[in-house]
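*Asks:* could you work out the structure for the sequence below:
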Amino acid sequence: MRARPPAPRAPPGARARGAAAPVWAQDPFRSGANARPISPEVAAAFEEFFCAGRYTQSREKLERARQASPQEPMVYALLAALAYQEGDLESFAQLATQTRQVAAELKKTDPLRGNLYEGVGYGLEAANIVVREGVVLGLPKALPTLNQLFAAIRAAQAVDSSDPELNLLNGYIDLLLTYREKALNQFRLAAPEYLAYRGQALAYRDMQRYDEALAAVDRAIAVSCNNPELYYLKAQILAAKGQDREAVPLFDQALQAAAQLPQALVEQIQMERDRAAQRSGLTGQLPTPTPSP
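*Replies:* Numbering: from 1, shown residues only. As a prediction, the model looks like this:
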């Protein structure tokens with residue numbers, strides 16, 4: 001894992017006369033002159049959610065981040081994702097709109113991230129329409145909002161098409177649209193590493209390039225915070241290769257962290273684990289394997 005560069009300094013004007021200087025944390029996406037100053041609360045919430053995958057425990061840190069940085073649209077987007085996982089569609093809808101509104105304000109000082117998260121907000125609002133009305137009725141209604149999403153992303157690309165945060169988001173959008181080669185190119189420019197490698201592993205898995213998928217997920221595991229979803233992904237790839245006996249212990253390892261995962265995801269992992277165990281003739285819980293270095 002690359003050494004972390006020094007934390008960026010606060011922007012000009014951030015320190016008011018007579019006030020204590022804010023403490024700034026490491027931008028998870030950028031380093032050097034391009035790094036954005038973010039609060040320690042936002043950095044901690046991001047790491048809890050994405051690096052460690054401790055979704056059910058992340059709410060407290062996300063709420064602290066919202067209080068510390070009410071102008072940060074990423075926090076509202078993560079809270080929206082958490083509300084969706086918990087089945088709270090009312091909060092999901094409210095937080096989707098808040099993401100877009102806060103991002104619109106951010107465009108005045110950071111056009112790239114403002115446009116980027118305005119696009120995220122539109123995407124969440126479109127998802128809310130589809131979730132509430134179903135694909136058949138909801139998708140046609142959501143299309144104008146989706147067009148606004150892509151317009152906002154194009155505006156962010158016009159600022160800096162090589163930005164790691166932008167490429168990370170674009171990579172996952174391309175995966176959803178099944179543009180897998182394009183997604184791989186986006187992920188090669190993305191950060192942080194554990195999310196970029198995870199995206200590459202997903203793309204290679206969907207392209208049935210399983211050896212490359214395994215190499216990518218192993219890299220993600222090596223630089224992540226013991227995220228159980230990465231063990232689940234590796235198990236999926238092994239099962240797809242027909243290596244069910246090797247996959248089952250990794251499914252079990254992911255399930256050991258069930259308390260921190262959404263219930264629907266736990267049920268999906270358990271179902272895939274049981275199928276792999278049945279195919280391989282394994283029964284019962286197996287010893288946990290040693291994580292990849």
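*Asks:* for residue 114, see how far away residue 107 is.
*Replies:* 3 Å (CB to CB, to the nearest Å). Backbone N, C-alpha and C define where each C-beta goes, glycine included.
*Asks:* of those two, who's got more company?
*Replies:* Each of residue 107 and residue 114 has its neighbours counted (other CB atoms under 10 Å); residue 114 has more, 22 against 19.
*Asks:* tell me which strands and helices the host helix or strand of that one is in contact with?
*Replies:* Taking DSSP states H and E as the criterion, residue 114 maps to helix 111-159. Other elements packing on helix 111-159 under the criterion 3 or more CB pairs under 8 Å, 6 or more residues apart in numbering; DSSP states H and E are helix 73-85, helix 89-106, helix 164-176.
*Asks:* any idea of the mean pLDDT for that helix?
*Replies:* Averaged across helix 111-159, the pLDDT comes to 97.
*Asks:* report the distance from it to the chain centre.
*Replies:* The chain centre lies 17 Å from the centre of helix 111-159; the measure is CA atoms, centre = their mean, to the nearest Å.
*Asks:* what angle sits between it and helix 73-85?
*Replies:* 100 degrees (axes from the mean of the first three to the mean of the last three CA atoms, to 10 degrees).
*Asks:* how about residue 231, what does it touch?
*Replies:* 221, 250, 251, 253, 254, 291 (CB atoms under 8 Å, 6 or more residues apart in numbering).
*Asks:* ok, these vs residue 213, which is closest?
*Replies:* residue 221 (12.5 Å; CB to CB).
*Asks:* all strands of the stretch 151-293 of the chain, in order?
*Replies:* Counting by DSSP state E, counting those that start in this stretch, the stretch 151-293 of the chain has no strands to list.
*Asks:* so which of the helices and strands packed on helix 111-159 comes closest to residue 28?
*Replies:* Comparing the helices and strands packed on helix 111-159 by CB to CB, helix 164-176 comes nearest, at 8.3 Å.
*Asks:* for that closest one, packing partners?
*Replies:* helix 111-159, helix 180-187, helix 193-206.
*Asks:* can I get the CA coordinates of the second one in CSV?
*Replies:* The C-alpha trace of helix 180-187 is given here as CSV (Å, rounded to 0.1, in the frame of the first residue of the first chain):
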residue,chain,number,x,y,z
ARG,A,180,-17.1,-3.4,-18.6
GLU,A,181,-14.0,-2.5,-20.6
LYS,A,182,-14.8,1.2,-20.2
ALA,A,183,-15.2,0.6,-16.5
LEU,A,184,-11.8,-1.1,-16.2
ASN,A,185,-10.2,2.0,-17.8
GLN,A,186,-12.0,4.2,-15.3
PHE,A,187,-10.9,2.1,-12.4
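*Asks:* run the chain-centre distance for it.
*Replies:* The answer for helix 180-187 is 16 Å, by CA atoms, centre = their mean.
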